[in-house]
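S.K.: when you get a sec, could you give me coordinates for this:
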Amino acid sequence: MEGPRVCRLDEVEEVFELINGTFFEGGDRDVRNDYPLVYDPVMLKYRRVVKEDGKVVAHVPVAPRKIVAEGDQFTIGLISATLTHPDYRHRGFATLCLRDCVRIMEEREWPISVLWTMERTFPFYQNSGWEAVASQGWVYKLSQEDMGLFDESYFEVVDHDRGDSEQTRRIVEIHDSEANRIERSVADYNALLSLPKTKTMLAMKGKSIDAYLVFGWSSNKPGIIEAGGSLSGVSALVCNVLKHEIRDAPTQALVPLTESVLGNLLEQKLPGTRRPIEEASGVGQQMHRINSLRGVLNQIQNHLHKRAGEVEGVVSLACSETGEVATLRFEGGKFSFGEDGSLDKIVLTRRELSSLIFGAHPSAHEVKVTGLSGKLLRGIFPYYFPIWEIDHC
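M.R.: Alright, predicted model coming up:
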């Protein structure tokens with residue numbers, strides 16, 4: 001056995017054949033087109049492989065993404081296509097790659113890792129410290145019968161010209177005005193707005209771009225996967241999708257839990273119809289791994305300072321695997337990290353901490369902390385950061 005180690009340039013095509021042959025056999029999909037940011041050549045250093053009998057038999061990539069969440073900014077590591085060649089399974093090769101990705105994240109101080117999977121694979125990832133978390137967004141079902149709820153009369157709707165840098169600049173400007181988002185470079189936008197089986201539409205008033213919307217037909221990103229701009233502009237774009245982009249079959253719109261123009265519009269027009277995003281087509285279940293307890297809490301201080309206006313007390317959390325201890329002090333409307341050796345520590349596993357901080361998945365055992373500490377923790381958490389579906393990998 002050779003590895004786990006970095007994937008070499010001369011192994012890239014072999015790895016693509018392994019991924020496509022395992023996940024997309026007989027189809028017309030190619031992972032490098034579906035997830036261009038993960039498989040960009042500059043990201044090769046973050047991809048791990050194991051070789052046996054002279055060929056690549058296991059592969060796991062981790063991709064950094066910078067989260068912006070209402071004043072908090074931090075880098076997460078997204079785990080993508082984790083696989084082992086069918087003839088070499090149950091020998092721990094993928095786990096070795098996965099844990100080497102954990103080492104990368106720890107060395108670079110990315111405090112949180114995120115991945116999407118199916119419930120039947122939870123145990124595999126749980127063995128390495130990931131835990132399924134509470135629902136991370138909403139899905140709305142839409143059909144042509146809903147078209148009358150949305151008005152496009154004040155706008156001209158045009159397709160985004162991928163070669164028009166000024167149009168792209170305006171899309172970047174609109175998305176970057178969101179308080180909750182993933183930070184993207186212009187190259188990232190160009191790649192994501194060129195995904196196969198997707199199109200980006202613009203709501204125009206004269207020469208001005210008022211809103212944009214991304215719609216997809218692919219099995220991994222179906223429906224309305226992102227939108228931004230004015231409420232009326234997004235409404236026009238939704239109307240256009242229902243009028244021209246779907247036929248008899250309904251479609252879906254995916255929105256984060258945090259406030260967004262698209263989410264506000266859909267709840268206004270279709271109140272009470274939203275469902276957990278995990279029930280949507282092409283999404284899967286989200287799992288988180290806390291790579292560093294102190295790292296997570298250090299990076300969400302803006303959230304903790306906001307909570308200080310609503311809660312009062314002191315609580316000390318500890319991670320049983322790493323020995324990290326973090327004491328959170330909320331006093332007089334202010335938050336601080338404190339040191340108090342006399343406090344009883346609430347010692348939890350990495351997985352339990354994920355459930356506590358990000359919310360518990362229905363399949364996970366609820367973390368029950370009683371008394372004043374429990375009341376305080378329920379006033380602080382869960383903490384949520386959004387990943388729009390277009391960023392999903």
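
S.K.: could you use CA atoms for every contact and neighbour count after this?
M.R.: Fine.

S.K.: may I see the buried residues of the longest strand anywhere in the chain?
M.R.: Determined from DSSP state E, the single longest strand within the chain is strand 55-69. Neighbour-count burial for strand 55-69 flags 56-65, 67-69 (criterion: 16 or more other C-alpha atoms under 10 Å).

S.K.: can you list the residues you listed in JSON lines and add pLDDT?
M.R.: Below are the buried residues of strand 55-69 laid out as JSON lines (pLDDT from 0 to 100):
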{"residue": "V56", "pLDDT": "97"}
{"residue": "V57", "pLDDT": "97"}
{"residue": "A58", "pLDDT": "98"}
{"residue": "H59", "pLDDT": "98"}
{"residue": "V60", "pLDDT": "98"}
{"residue": "P61", "pLDDT": "98"}
{"residue": "V62", "pLDDT": "98"}
{"residue": "A63", "pLDDT": "97"}
{"residue": "P64", "pLDDT": "97"}
{"residue": "R65", "pLDDT": "97"}
{"residue": "I67", "pLDDT": "96"}
{"residue": "V68", "pLDDT": "95"}
{"residue": "A69", "pLDDT": "93"}
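
S.K.: any idea how far the closest residue in space to L98 that isn't next to it in sequence is from P4?
M.R.: For L98, ignoring the flanking residues on the chain, the nearest one in space by C-alpha to C-alpha, 6 or more residues apart in numbering is V60 at 6.0 Å. Counting by C-alpha to C-alpha, to the nearest Å, the gap from V60 to P4 is 10 Å.

S.K.: which residues of the stretch 201-350 of the chain fall in helices?
M.R.: For the stretch 201-350 of the chain, applying DSSP state H, counting those that start in this stretch gives helices covering 231-244, 261-269, 293-299, 301-307, 350-358.

S.K.: would TSV of the ones you listed with mean neighbour count, mean pLDDT and distance to D40 be doable?
M.R.: Converted to TSV, these look like this (neighbours: other C-alpha atoms under 10 Å; pLDDT from 0 to 100; distance: least, C-alpha to C-alpha, whole Å):
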stretch	mean neighbour count	mean pLDDT	distance to D40
helix 231-244	22	97	30
helix 261-269	18	97	30
helix 293-299	18	96	27
helix 301-307	18	96	32
helix 350-358	24	97	30
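
S.K.: okay if I get those as TSV plus distance to V186?
M.R.: TSV is the format used below for the helices of the stretch 201-350 of the chain (distance: least, C-alpha to C-alpha, whole Å):
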stretch	distance to V186
helix 231-244	22
helix 261-269	22
helix 293-299	25
helix 301-307	27
helix 350-358	30
